[in-house]
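J.: Task: produce atomic coordinates for the following.
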Amino acid sequence: YLKGAVVYQIALRNFTRSGDFKGAAAMLEHIRSLGTDVVYLTPFVEMDRDMAWSGWSPRQRLAGYNNPKNPYRISNYDKIDPEYGTDEDFAAFNRRAHKLGMKVYMDLVYLHCGPNNVIKDLFPDAFQRNEDGTVKMTYWRFPYVNFESKGVRKYLIDSMLHWIRLGCDGFRCDVGDAVPIDFWVEAVTACQKVKPELVMINEGTKPEWLEKAFDACYAWPWSFTVRGILSPKAIAFSHVKGKTLPEKMDHVRKYEAGIPSGSLMFCFLDNHDTATDDWDDRFDRVCPVEAGNAAFVLTFLRKGLPLLFNGNEIADNANNSFFAPVEHPARAYKTVDWGRALQSAGQKRLALVRKLAQMRHEDPIWSEGSMEWVTDGEKNFVIGFIRSLGDRKVLVAANLTGRPADGGKLIGKLGAYEYVIRPLGK
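T.: Sure thing, here's the model as predicted:
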C-alpha cells in the first residue's frame with residue numbers, strides 16, 4: 001500500500017488547541033477526507049524535565065519558552081508523556097484511524113536521549129563514553145545511546161514491540177543513518193515476526209540501511225530547493241546557498257540517484273523542523289496560496305511519497321514551534337489556524353489536495369510510473385518532469401514565481417504560479 005499512499009504528519013502540540021491525542025483523534029475524519037492513507041506522529045513519549053541549560057539543544061534555547069520538555073529529548077521510551085494523554089488515548093487514536101482505513105506510524109528517537117532516561121539506571125553501559133569517562137554528547141547536547149550494550153538493544157526493541165501491540169503500524173526513525181545498521185536489522189527482524197507488514201522510514205539515505213532495514217527515506221534537497229524558491233529566506237542547505245536553480249536541481253537529481261531503486265522517498269514542503277525554523281518565512285505566510293498550490297502539484301505528482309504537515313491542506317500560515325509546551329500561555333498561538341479552512345485560500349488548497357490525492361489513488365502512473373526531468377525551464381524557475389507508464393506519458397510542470405515564465409519548448413510559457421498536467425502523444 002505504501003507506494004501509492006498519501007502521508008499526513010501530526011505534531012500533537014501544534015495540531016489542535018488541546019495538543020493531545022483526544023484532540024487529534026477528533027480530526028481523523030478530516031484527515032481521511034483528504035485521501036490520507038497514513039498518519040505519522042512526531043514523538044509523544046515522556047520528555048526529560050532536566051532544567052540544566054547545558055543539556056538543551058541550541059534550537060530549544062532559541063525557542064524562548066524556557067522549558068526543558070523537548071519531544072526529541074526522551075526520558076522514557078515506553079511511557080506516553082502526560083502532556084499528550086495515556087496509553088488508552090493512543091490505542092483509541094489508533095483504533096479510530098484503523099477503522100477509517102488509515103495506518104499509524106510513530107517517531108523513534110534512538111540515536112540520543114535525555115540525560116535522565118530510565119536506561120541509565122537500568123544499564124550501567126547505557127550511554128556512550130569519551131576517553132575520560134564522561135558521557136559522549138551529540139551536536140544537540142543529548143547523550144549518545146550505546147548500541148554496544150546488549151541490554152539497551154533488547155530494551156529498545158522491546159519498546160518497539162510495545163507500541164506495535166498498542167496499534168502502531170510503522171516507525172519513522174530520527175537520524176536513522178547514525179544508528180548502527182546491525183541494530184536496525186535485529187530490530188526489524190524481531191518486529192516483523194509480530195507484524196509482518198511493518199513499515200520503516202529512515203530520516204537518512206545510506207543505501208545499505210535502505211536495502212537491509214528500511215522502506216523509505218527523505219527527499220530533503222527537494223524540500224529545501226522548492227521552499228527556497230517560494231520563500232528565499234527559508235532555511236536551506238548551506239552548500240547550495242547562492243546557487244542557481246539549475247545547480248540546485250542538479251543536486252536534487254544527484255541525491256536521488258543515490259537512493260536504491262526499490263526504496264521510496266518522503267517528498268514534502270513542510271515538516272515539524274522546517275515549519276519551526278522558517279517561522280515568519282513559512283511559504284504560506286509570505287506567498288499567495290497559488291504559490292504553494294503549484295509546489296504541491298509537483299510534490300504530489302513527482303516520483304515519491306507525498307507528505308503533508310499539520311494544516312498544509314488549508315494553507316495554514318500560523319507560526320509553528322514544536323518546542324512550545326501545552327501549558328505555556330503562548331502555545332495556543334503556535335497551533336494550526338483552522339479558521340483558514342473557511343477562507344478562500346484554505347478552500348482552494350483543500351480542493352487541490354483532495355484532487356491530487358484522488359489522482360494518485362486512481363491512476364497508477366503516479367505511483368508506478370518512471371520520471372524524467374524536463375530541465376529547459378529551470379533557469380526561469382519552472383520545474384517540470386514527465387511521468388511514464390507503458391505507452392502513456394504525462395507532463396507535469398509549474399512556474400514557481402509570481403511572474404510569467406518560459407518553460408522551454410515542451411512546457412511552453414506559464415503565467416504566475418501556473419501549473420500544467422498535460423498528457424503527451426505516443
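J.: So Asn317 is in contact with Cys287, correct?
T.: No: between Asn317 and Cys287 no contact is recorded; they are 9.3 Å apart, counting by Cβ atoms under 8 Å. All C-beta spots, glycine's among them, are computed from the backbone N, C-alpha and C.
J.: Now list whatever residues contact both of these two.
T.: For the pair Asn317 and Cys287, no residue contacts each of them under the criterion Cβ atoms under 8 Å, 6 or more residues apart in numbering.
J.: Could you pull out the strands in the stretch 51-200 of the chain for me?
T.: If you assign secondary structure with DSSP state E, counting those that start in this stretch, the strands in the stretch 51-200 of the chain sit at 74-80, 103-108, 170-173, 199-202.
J.: May I see those strands organised as TSV, with mean neighbour count added?
T.: Formatted as TSV, the entries for the strands of the stretch 51-200 of the chain read as follows, by neighbours: other Cβ atoms under 10 Å:
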stretch	mean neighbour count
strand 74-80	20
strand 103-108	22
strand 170-173	24
strand 199-202	24
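J.: out of those strands, nearest to Lys241?
T.: With respect to Lys241, and counting by Cβ to Cβ, the nearest of those is strand 199-202 at 25.7 Å.
J.: quick one: low-confidence ranges for the stretch 301-426 of the chain?
T.: 426 (pLDDT under 70).
J.: Strands along that one, start to end?
T.: 305-309, 370-374, 382-389, 392-399, 405-406, 413-414, 419-424.
J.: And the contacts of the last one?
T.: Defining contact as Cβ under 8 Å, 6+ apart, one finds that strand 419-424 is touched by 293-294, 297-298, 301, 386, 392-399, 411-412, 414.
J.: what do you get if the cut-off is 7 Å, keeping everything else the same?
T.: Outside of strand 419-424, the residues within contact range by Cβ atoms under 7 Å, 6 or more residues apart in numbering are Ala294, Val297, Leu301, Ile386, Lys393, Val394, Leu395, Val396, Ala397, Ala398, Ile411, Leu414.
J.: in its sheet, what does that strand sit against?
T.: When pairing is defined by DSSP bridges, strand 419-424 lines up against strand 392-399 (antiparallel).
J.: List of residues touching the strand it pairs with?
T.: If you take Cβ under 7 Å, 6+ apart as the criterion, strand 392-399 is touched by 294-295, 297-298, 301, 365, 374, 377, 381-387, 405, 407, 410-411, 414-424.
J.: let's go with 6 Å and repeat that
T.: Residues from elsewhere that reach strand 392-399, judged by Cβ atoms under 6 Å, 6 or more residues apart in numbering: 294, 297-298, 301, 382, 384-387, 405, 407, 411, 414, 418-424.
J.: do stretch 190-204 as well
T.: By Cβ under 6 Å, 6+ apart, stretch 190-204 touches 2, 157, 160, 164, 170-177, 209, 213-218.
J.: All set, thanks.
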